[in-house]
Every structure is written in structure tokens, then in C-alpha cells.
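J.: turn this into a model:
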Amino acid sequence: MADEEKKATDEKVNITQIDSSLQSELEILWDPIEKAKHYLKELSSDDVDEMFTVIGSGNFKSAFLDAAKQLYVPPEEQFTEKCFGFVINSMLNVTPESLTDQQIFPFIDFLAKNKPRADMISKVEDLYVAESIKLWCIAMEAFGKAKKSGNQRRQKGEQLKKRYHTRLETIKEIKVQVDKFDANMESVDENISKISREMESDSKKIEDIESKIEKAEKIRRLLSCDQESFREAHSKFDEDNQKIIGNSIISAGFLVFFAPFTSSKRREIRLVWEGLLTKADVQFDHELNHIDFVEGENTLCKLHGLQFPQTQMIYENFLILSRKNDLVVCIDPDDQAIPVISLSSLDNGTIVTHMNDGYLKKNLIQSMARGESITIRNADMGYEALLSPFLRKFIQKENDTVYMRVFGSLCQYNPDFTMCILISNFSYLKLSSKLTIVNFKFEQDDLETFFLHVISAKKLGNSYNQRSEVLASINTIYDDLEKEKTKIMDSLSLQVQQLLSETTLFDDVNSTREKIDTMEEGKQVNLSTLEAIDMNIESFLKIAKFCSALYVAVSNMTRINPLYDVSLESFLSLLDFKEDD
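T.: The predicted structure is shown next:
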């Protein structure tokens with residue numbers, strides 16, 4: 001335990017060092033900006049006149065000047081000499097603290113898309129003004145990239161620190177419970193000794209003493225039965241304890257970083273994480289089921305019984321959406337997100353509408369007042385107007401009621417309100433800040449799994465439907481097993497005197513053990529049935545691979561002409577597989 005506490009302290013020191021390193025890096029990258037300011041200070045009115053003369057001739061265009069204008073000049077304002085003077089003064093007076101992330105990040109994104117090639121940048125501009133602005137923008141771009149990278153690294157370090165401290169507290173609590181159990185065991189031995197002394201001193205109570213000895217022996221046998229399972233649990237606990245940091249990092253990364261990426265990219269990201277952990281000598285479970293690690297044992301098995309496409313990406317997206325983000329944009333080209341969103345919003349439900357619905361604004365305002373969830377489909381174009389009020393959040397309170405300005409009016413606002421926008425492609429994503437972006441785009445591996453279950457459902461008929469019943473039965477047995485095992489632990493955790501005084505305790509424990517054995521047998525039968533059904537499903541893998549490859553090929557035809565676009569739903573309607581084929 002002392003080693004774990006030392007590791008926590010070392011983590012804190014490392015995070016402090018990271019913060020210090022990031023600050024030093026930003027200070028170093030600020031020096032070129034200060035140097036660029038010296039060039040700007042030397043500008044004369046002749047330089048400005050010369051530049052505006054060239055601009056007026058239409059022969060001058062600079063991505064760096066456009067970037068500076070975007071940073072300091074409102075889009076609707078005309079660019080004049082006075083406005084240019086304001087831009088230069090702003091560039092001269094800039095400090096590391098004066099530019100917010102919301103200002104500098106669009107600035108560096110603009111330069112990344114519009115600045116010329118490196119060989120063009122290295123050439124000295126003919127105009128002294130243009131060269132001075134270019135030097136300032138290049139220096140500010142480097143500073144902004146470092147700041148953006150540093151924010152991500154600092155946030156990740158803080159998350160790891162919080163996660164590890166939580167795990168450490170749990171370990172401490174378990175240790176306390178183990179100590180209590182050891183103390184109870186010692187108490188059992190003391191009471192048995194006391195009973196033996198009473199037998200020798202008082203022969204008149206011999207029958208009572210024999211009865212107590214018999215009960216004590218039963219207690220010992222009951223505890224001995226569980227001794228092996230305690231050893232196994234302790235061994236597994238030690239193994240889990242050694243891998244808890246690595247497993248926590250991978251699982252936390254799944255919740256925080258996976259949402260915007262496709263399934264193949266998610267696998268690549270996890271492999272990179274595993275490589276970094278291996279390089280840092282941090283132990284982790286190579287076969288880690290990060291869904292069960294985050295949500296609890298048997299969660300993935302329970303998800304298999306839900307009524308939506310059975311792919312790993314869908315399960316991950318379901319758990320991400322279940323965490324109630326208020327503004328979500330789903331990339332959903334295959335129209336598979338609606339059932340996932342509906343099940344993730346099961347507590348309050350979700351209203352499904354679309355961009356062309358005449359009652360869209362009315363439904364949106366009503367959902368906002370009630371704290372409901374609303375899902376808007378076909379939102380490729382124009383959804384920015386819907387999101388804009390919620391990104392700005394002009395809030396006004398009157399007594400206990402909260403109002404927000406939406407569509408030009410103050411409307412009642414409930415903080416439980418959530419909105420999900422469905423778009424078909426990343427190219428339609430115009431906004432990203434303050435949004436949770438969840439990617440539902442199927443790749444070929446996802447499509448193979450999807451078609452495998454669709455084809456199996458059509459070909460196997462009732463046999464495939466039985467799979468859901470078997471999964472539900474297995475999940476029920478898992479839950480019942482946990483309850484029965486908890487009953488035994490609760491019974492055996494009583495004080496010794498209570499154990500000795502209970503007349504039906506041992507019969508109840510034995511009855512519970514018999515129930516557990518029966519459940520285990522039933523679970524094995526169901527698992528065997530599930531394995532047989534899955535083997536039948538796997539027999540359709542080749543045709544599922546063919547269908548997925550065919551659908552990908554058909555989808556790629558849209559590159560030739562958008563008229564060739566075929567939705568997944570339309571493609572499914574063309575698949576004519578009968579049970580007798």
C-alpha cells in the first residue's frame with residue numbers, strides 16, 4: 001500500500017513538472033512574437049500608404065494579413081487605414097494572456113488551411129508591412145499550436161491523477177474490510193476456546209456446550225468452503241491492483257477521446273496507447289474489455305440484448321451518449337443512430353424530428369422548457385441557427401425560473417434539456433466547440449458484423465430470435481448469482497454470537513448454495529446454447545463479407561455522381577434472403 005501511495009505522489013510531481021515544462025515552452029515561443037513587434041514598431045505612414053496602394057491595384061493578397069484581420073477585425077467592418085492602424089496596435093499590445101483559446105485556435109486553423117508553401121514563406125516580402133505582419137503571424141501560430149497541445153496534455157494529466165486517487169481510496173477501503181474480516185476470524189477462535197473452557201468447568205451445561213460446539217464447527221466448515229474462493233479473489237485483486245493504472249488510462253481514454261472517430265481509428269488509437277504504456281513499463285490487461293471496466297462486469301453481455309446493430313462502435317457510442325451531454329452532433333450517414341439515442345435517453349425519452357418539420361421550433365422550445373431530449377434528423381444544412389442560442393446561452397433568472405433567449409424571445413429553460421443533431425458527413429460540421437461529436441459511420445468491419453446479424457435473422461428465423469432470449473436469461477442469472485452470493489456474505493459477516501444463536505442460518509446458507517449451483521448449471525446450459533447459435537451465425541460470415549464489400553463499392557460510386565447514392569436502408573431492402581434458401 002505504501003508503494004501505491006508513493007506512486008500517487010510521484011504522479012503529482014510529474015504533473016507539476018509537466019505544467020512547469022509547458023509554461024517554459026510557452027515563454028520560449030513568445031520571444032519570437034516580441035521580436036516581431038520590433039519590426040511592427042518601425043512601420044511608417046509611408047509603408048502603410050504603399051501597402052494600401054498595392055491593395056487598391058488588386059495585385060496584393062496575403063493569407064497572413066487575412067489571418068490578422070480575422071483575429072482583430074469583425075467580418076462586417078470595412079478594412080480601412082484606420083482599421084489597419086487598430087490591427088497593428090492590437091498586434092503590438094498583445095500578451096500571452098490577452099488572447100483566449102476561442103480567438104487563437106481559429107487563427108491557427110485559418111493559417112493551416114490558407115498559408116502558402118514553406119518555400120514561399122521563407123521568401124522576403126516586397127512590402128515591409130507585409131513582411132512584418134508575416135513574421136508576427138508565423139510566431140503567433142507557433143505559440144498557439146504549443147498552447148493548444150499544452151491544454152490537451154494538462155487536461156489528460158489531471159484526469160489521470162483524479163482517476164488514480166479514486167482507485168487508491170477504494171484500495172484503502174478494501175484493506176479496512178480485510179482487516180475487519182481478520183479480526184472477526186480471531187474472534188471466532190477466541191469464542192471456540194471460551195466454549196471449551198465452559199465444558200470443563202460446568203458439566204450441567206454439557207448439552208448446551210455440545211450444541212454450541214456443533215454450530216461452531218458448522219461455521220468453521222462454512223468459512224473453510226469459501227477459503228479457496230477468498231484466496232482466488234485475493235490473488236485476482238493483487239493482479240488487478242498492478243494493472244489498475246494502465247487499465248484506467250485506456251478506459252478513461254475510451255470515454256473521452258473515442259466519440260468522433262471511426263471504429264478502425266479507435267483501434268489504432270488504443271494500440272498507440274498500449275504501446276506508450278508498454279514503453280513506460282505500466283502494466284495493463286491486453287485483453288481489457290474497457291466497456292465492462294467502466295460500467296461494471298457483464299455490461300457488454302447486457303448490451304448484446306439491446307435492439308440495435310451489434311457492433312463494438314455502437315456499444316461504445318451508446319455508453320458515451322448515456323452520459324447526458326447537452327449538445328451532441330452525430331455523424332450518421334447510415335441512419336443507425338436513432339435507436340441508440342432513444343435507448344440512451346430512456347429515463348426521459350427523446351422527441352425525433354427533422355429540419356423540414358414546420359413545428360421544429362415549437363417542439364424545440366417545449367422540450368427546452370420541460371428538460372426533455374430532442375433529436376433532429378436530416379440536419380446537414382442550417383443546423384447552426386439551432387445551435388447558436390445554446391452555444392451563447394443568454395440566461396436570465398426570475399425567482400426560481402430560468403429563461404434563455406432563443407429565436408429572438410425569452411423562453412423557459414430547463415438544465416436537463418439535451419439536443420442531438422444528426423448530419424450525414426463530417427464535411428457539414430461547421431461548429432465543434434462546446435459540442436460532443438459522436439461518429440456512427442460504419443466501416444467495412446462494422447458492416448460485416450451488421451450484415452452478419454441481418455442475414456442470420458432472416459435465414460435462421462426463430463433460432464436467431466432465441467439468441468435474445470438466451471442472452472436475457474444469462475443476464476438474469478448473472479444478476480441473481482450476485483444477489484445470492486451477497487446473501488451468503490451478509491450471513492457470514494454476522495458476529496459470532498449471532499451466528500451461534502441463529503437456528504436456521506446454516507440451512508439457509510446451504511439452501512442458497514444449492515440455488516447457486518443450480519444457477520451455475522443453468523448458466524452453462526445457456527452459454528452452450530448461445531455458443532451453438534453463434535456458430536450457426538458465423539456460417540454466414542462469407543456472405544456478410546461479400547455484402548459489406550458490395551455496399552462499400554456501391555457507396556464509392558457517389559464519387560462519380562451523387563445520383564448513385566444508395567442508403568444502407570435501401571440496400572437492405574434489396575437483400576432477399578429467405579429461411580428456406
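
J.: which residue ranges of the stretch 251-400 of the chain form helices?
T.: For the stretch 251-400 of the chain, the helices defined by DSSP state H, counting those that start in this stretch cover 263-279, 290-295, 299-303, 312-321, 337-344, 360-370, 383-392.

J.: looking at the ones you listed, which has the lowest confidence?
T.: Ranked by mean pLDDT, the helices of the stretch 251-400 of the chain end with helix 299-303 at the bottom, a mean of 69.

J.: hmm, back to that, take the helices of the stretch 251-400 of the chain and lay them out in a markdown table including mean neighbour count and distance to Gly253.
T.: C-beta: built from backbone N, CA, C; applies to glycine. Putting those into a markdown table (neighbours: other CB atoms under 10 Å; distance: least, CB to CB, whole Å) gives the following:
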| stretch | mean neighbour count | distance to Gly253 |
| --- | --- | --- |
| helix 263-279 | 14 | 6 |
| helix 290-295 | 18 | 8 |
| helix 299-303 | 18 | 17 |
| helix 312-321 | 21 | 11 |
| helix 337-344 | 20 | 20 |
| helix 360-370 | 17 | 32 |
| helix 383-392 | 15 | 26 |
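
J.: which one of these lies closest to Asp47?
T.: helix 383-392 (39.3 Å; CB to CB).

J.: want to throw the helices of the stretch 251-400 of the chain into TSV with distance to Ser548?
T.: Formatted as TSV, these follow (distance: least, CB to CB, whole Å):
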stretch	distance to Ser548
helix 263-279	13
helix 290-295	23
helix 299-303	22
helix 312-321	14
helix 337-344	19
helix 360-370	35
helix 383-392	30
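
J.: how near is Lys362 to Arg392?
T.: Distance of Lys362 to Arg392, given as CB to CB, to the nearest Å: 21 Å.

J.: looking at the helices of the stretch 251-400 of the chain, spot the one closest to Lys115.
T.: With CB to CB as the yardstick, what comes closest out of these is helix 383-392 (26.0 Å).

J.: helix, strand, or coil at Arg405?
T.: strand (DSSP: H, G, I helix; E, B strand; the rest coil).

J.: okay, and the beta partners of it?
T.: In this entry, Arg405 is beta-bridged to Leu410, by DSSP bridges.

J.: Asn536 is in contact with Leu460, correct?
T.: Yes - judged on CB atoms under 8 Å, Leu460 makes contact with Asn536 at a distance of 6.1 Å.

J.: between the two, which has more neighbouring residues?
T.: More crowded of Leu460 and Asn536, by other CB atoms under 10 Å: Leu460, with 18 against 14.

J.: quick one: low-confidence parts of the stretch 101-250 of the chain?
T.: For the stretch 101-250 of the chain, applying pLDDT under 70 flags the ranges 117-126, 151-154, 156-157, 160-161, 163-164, 167-168, 174, 178, 202-234.

J.: quick one, helices of it?
T.: According to DSSP H, counting those that start in this stretch, the helices that the stretch 101-250 of the chain contains are 101-114, 118-121, 128-201, 206-225, 227-257.

J.: Glu190: neighbouring residues, count only.
T.: 11.

J.: which residues touch the closest residue to Asp240 other than its chain neighbours?
T.: Residue nearest to Asp240 in three dimensions, not counting chain neighbours: Asn247, with 7.9 Å by CB to CB, 6 or more residues apart in numbering. Asn247 is in contact with Asp240, Phe284, Asp285, Leu288, His290, Phe293, counting by CB atoms under 8 Å, 6 or more residues apart in numbering.

J.: if you set the cut-off to 6 Å instead, what comes out?
T.: Counting by CB atoms under 6 Å, 6 or more residues apart in numbering, Asn247 makes contact with Phe284, Asp285, Leu288, Phe293.

J.: distance-wise, check the nearest residue to the first one once chain neighbours are set aside relative to Thr166.
T.: Of all residues not flanking Phe284 in the chain, Gly246 sits nearest, at 2.7 Å (CB to CB, 6+ apart). When CB to CB is the yardstick, Gly246 and Thr166 sit 15 Å from each other.

J.: give me the more crowded residue out of those two.
T.: Legend: neighbour count by other CB under 10 Å for Gly246 and Thr166, higher for Gly246 (22 against 10).

J.: if I look at the spatially most central residue of the chain, how far off is Asp334?
T.: Centroid-nearest residue in the chain, with CA atoms, centre = their mean: Leu255, separated by 1.6 Å. For Leu255, the distance to Asp334 (CB to CB) stands at 23 Å.

J.: also Met140?
T.: Here Met140 is placed at a distance of 41 Å from Asp334 (CB to CB).

J.: can you check Leu29 too?
T.: 43 Å.

J.: equivalent analysis for Asn317, please.
T.: 12 Å.

J.: what does Tyr39 give?
T.: 53 Å.

J.: so Ile537: helix, strand or coil?
T.: helix.

J.: correct me if wrong: Met355 contacts Asn378.
T.: Yes - with contact defined as CB atoms under 6 Å, Met355 counts as touching Asn378 (5.2 Å).

J.: how many neighbours does Asp47 have?
T.: 15.

J.: got a list of what it touches?
T.: Asp47 touches Tyr128, Val129, counting by CB under 6 Å, 6+ apart.

J.: check which helix or strand covers it.
T.: helix 45-57 (DSSP states H and E).

J.: for stretch 246-264, buried residues please.
T.: 246-254, 258-263 (16 or more other CB atoms under 10 Å).

J.: hmm, Lys430 is touching Glu384, no?
T.: Yes - if you go by CB under 6 Å, Lys430 and Glu384 touch, sitting 5.4 Å apart.

J.: burial of Glu484, as a residue count?
T.: 16.

J.: was I right about it contacting Ile516?
T.: Yes - using CB under 6 Å, Glu484 is in contact with Ile516, at 5.2 Å.

J.: pretty sure the residue nearest to Phe284 sits against Leu276.
T.: No - using CB under 6 Å, Gly246 and Leu276 do not qualify as a contacting pair, with a distance of 9.9 Å.

J.: next, count neighbours for Ile477.
T.: Around Ile477 there are 20 residues (other CB under 10 Å).

J.: repeat for Ala63
T.: 17.

J.: what's near enough to touch it?
T.: Ala63 neighbours (CB under 6 Å, 6+ apart): Asn114, Lys115.

J.: would you mind measuring from it to Phe107?
T.: Applying CB to CB to Ala63 and Phe107 gives a distance of 12 Å.

J.: common neighbours of the two, please.
T.: Common neighbours of Ala63 and Phe107 (CB under 6 Å, 6+ apart) do not exist.

J.: who's in contact with Val402?
T.: Tyr413.

J.: pretty sure it sits in a helix.
T.: No - Val402 is assigned strand when assessed by three-state DSSP, not a helix.

J.: distance of it from Leu435?
T.: Distance from Val402 to Leu435, by CB to CB: 21 Å.

J.: Ile55 now?
T.: Counting by CB to CB - Ile55 and Leu435 are separated by 37 Å.

J.: same thing with Gln336?
T.: Distance from Gln336 to Leu435, by CB to CB: 20 Å.

J.: so Asn526 sits in a helix?
T.: Yes - counting by three-state DSSP, Asn526 falls inside a helix.

J.: what sits against it?
T.: Asn526 neighbours (CB under 6 Å, 6+ apart): Val470, Ser473, Ile474.

J.: excluding sequence neighbours, find me the nearest residue to the last one.
T.: Going back to what we said before, that points to Ile474. Counting by CB to CB, 6+ apart, the residue nearest Ile474 is Asn526, at 4.9 Å.

J.: and the pLDDT at that neighbour?
T.: At Asn526, the model reports a pLDDT of 81.

J.: distance of it from Pro106?
T.: Taken as CB to CB, the span from Asn526 to Pro106 is 55 Å.
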